[in-house]
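[1] structure here, sequence nowhere to be found:
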């Protein structure tokens, strides 16, 4: 159902470094890029993530309760993505580990404060 998710940023170049590193480990390249917008994904693939400077010119803000979940291929990738996020200006919102039966995730925020996680089911 979801085609892609767009998050706001105040510093597109800095945020792009964060998402380039995450996307590289997920084997998901940049698929669209403009002066104020970058999207990562694969045509005909799963939902992607995009960053933009807000069109209305106002400051980018974090949505309270909003989170983007990135599907990992295994627990090792969950850990790796969490480490990559922290190494590229992200902050920890919960280390990788089990979160109930059949769900394993690590939580982090990007340099703008947007919340994400890397997860696996099963």
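    Yes, it's here. No experiment lies behind these values; they were computed from the predicted model shown.

[2] looks to me like residue 82 is in a strand.
    No - the assignment for residue 82, made by DSSP: H, G, I helix; E, B strand; the rest coil, is helix rather than a strand.

[3] which residues touch it?
    With contact set as Cβ atoms under 8 Å, 6 or more residues apart in numbering, residue 82 has these partners: 92, 95, 96, 106, 107, 108, 118. Any C-beta I mention is one placed from the backbone N, CA and C, and that applies to glycine too.

[4] please convert the buried members of those into ChimeraX selection syntax.
    Here is the ChimeraX command that selects the buried residues among these (16 or more other Cβ atoms under 10 Å):
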select :96,106,107,108,118
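
[5] now, which of the contacts of residue 82 lie within strands?
    Among the contacts of residue 82, the ones falling in strands (DSSP state E) are 92, 95, 96, 106, 107, 108, 118.

[6] please report how far the residue nearest to residue 95 when sequence neighbours are not counted lies from residue 14.
    Nearest residue to residue 95, sequence neighbours excluded (Cβ to Cβ, 6 or more residues apart in numbering): residue 106, at 6.0 Å. Applying Cβ to Cβ, to the nearest Å, the value for residue 106 to residue 14 is 22 Å.

[7] perfect, I'm done here.
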